[in-house]
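In: The sequence isn't on hand, but the structure is:
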């Protein structure tokens, strides 16, 4: 336990050192190049504070966040449903494999262009793009997680005539929890990146549209500010939402296995 604690502390020191090194490189580049090309970290922070004070930050942040959540949960819900069915029926798993390969092979920008043709420049474009692009991650993790469930446990539950609810609560859900949480971890950061890109190219509002406007007006400090906001958002979600969910999922799975 003590060695693990020391390792975690060392890991944090290394990560903080890496961040400081990146900030020093950023500061050095900002001193060498014009502020129109690379604003300094301080100028970027001032731009963020100005956006907060003027109310320019909150509106696009909430709008983009809402779209990302809708697209994320829509794609996740459809993918998990299809993944469970595909895990149960082998022929359906094979039928979905070309679909997953097709989605993985489509460059996101092409999907954005298609969504713009179908829905124009609006909120539906980022929602559709996010929902489609998170589908493979959730589908594969759910389907493979279902297929990896220990069949001997299911047979033992049948021998002891356990109720379907007990099998679901003690075996199936704990077995699927870790793969699904892993999929959430993989898809969360991608959702923000894809959502901003989709808004940048195919929407007239949100974080991406604000980035495009800042670029047109050559407000490079605002471009860097929105980029910093996106990075911080990804970090906060990973640190305070996904990591606790992972720990809870592992504990739930371990407890369920002990109770069998």
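Out: Done, it's in. Values in this document were obtained by computation on a predicted structure and should not be read as measured data.

In: So what's the residue count around residue 191?
Out: 26 (other Cβ atoms under 10 Å). For the C-beta atoms, the positions are set from N, CA and C on the backbone; glycine is no exception.

In: Run a quick check on it versus residue 72, I expect a contact.
Out: Yes - using Cβ atoms under 8 Å, residue 191 is in contact with residue 72, at 4.9 Å.

In: All the helices of the stretch 151-260 of the chain, residue numbers only.
Out: Secondary structure of the stretch 151-260 of the chain (DSSP state H, counting those that start in this stretch): helices at 151-159, 164-167, 173-202, 207-216, 220-237, 243-259.

In: So for the longest one, mean pLDDT?
Out: Spelled out, it's helix 173-202. Across helix 173-202, the average pLDDT comes to 90.

In: and what of the last one?
Out: Helix 243-259 carries an average pLDDT of 76.

In: what about residue 147, distance to residue 165?
Out: Per Cβ to Cβ, to the nearest Å, residue 147 is found 22 Å from residue 165.

In: out of these two, which sits in the busier spot?
Out: Remark: of residue 147 and residue 165, residue 147 carries more neighbours, 14 against 8, as counted by other Cβ under 10 Å.

In: Grab the nearest non-local neighbour of the more buried one.
Out: Nearest residue to residue 147, sequence neighbours excluded (Cβ to Cβ, 6 or more residues apart in numbering): residue 87, at 5.0 Å.

In: That neighbour touches residue 94, doesn't it?
Out: No - the criterion here is Cβ under 8 Å, and residue 87 misses it with residue 94 at 12.0 Å.

In: of the two, who's got more company?
Out: Neighbours were counted for residue 87 and for residue 94 using other Cβ under 10 Å; residue 87 has more, 20 against 10.

In: which one of the helices of the stretch 151-260 of the chain lies closest to residue 40?
Out: Closest of the helices of the stretch 151-260 of the chain to residue 40 is helix 220-237, at 8.9 Å (criterion: Cβ to Cβ).

In: contact partners of that closest one?
Out: Outside helix 220-237, the residues that touch it by Cβ atoms under 8 Å, 6 or more residues apart in numbering are 35-39, 43-48, 51, 57, 61, 188-189, 192-193, 196, 207, 210-211, 214-215.

In: do the same with stretch 203-217
Out: 56, 60-61, 63-64, 67, 121-123, 125-126, 195-201, 220, 222-223, 226-227, 229-230.

In: if we can go back for a sec, who touches the residue nearest to residue 147 in this structure?
Out: Residue 87 touches 93, 142-147, counting by Cβ under 8 Å, 6+ apart.

In: how far away is it from residue 139?
Out: If you measure residue 87 against residue 139 using Cβ to Cβ, the figure is 10 Å.

In: picking up where we left off before, got any residues that touch both of residue 191 and residue 72?
Out: 130, 134.

In: tally of neighbours for residue 37?
Out: Residue neighbour count, defined by other Cβ under 10 Å, stands at 10 for residue 37.

In: Next one: the closest residue in space to it that isn't next to it in sequence from residue 98, what distance?
Out: Among residues not flanking residue 37 along the chain, residue 220 sits closest, at 6.7 Å (Cβ to Cβ, 6+ apart). Using Cβ to Cβ, residue 220 is found at 44 Å from residue 98.

In: Neighbour count: those two, which is higher?
Out: Taking neighbours as other Cβ under 10 Å, residue 220 and residue 98 compare with residue 220 leading, 19 against 9.

In: Okay, that one and residue 199: tell me how far apart.
Out: From residue 220 to residue 199 the distance is 19 Å (Cβ to Cβ).

In: Check residue 153 too.
Out: Distance of residue 153 to residue 199, given as Cβ to Cβ: 45 Å.

In: Before I go, just wanted to say thanks for your time.
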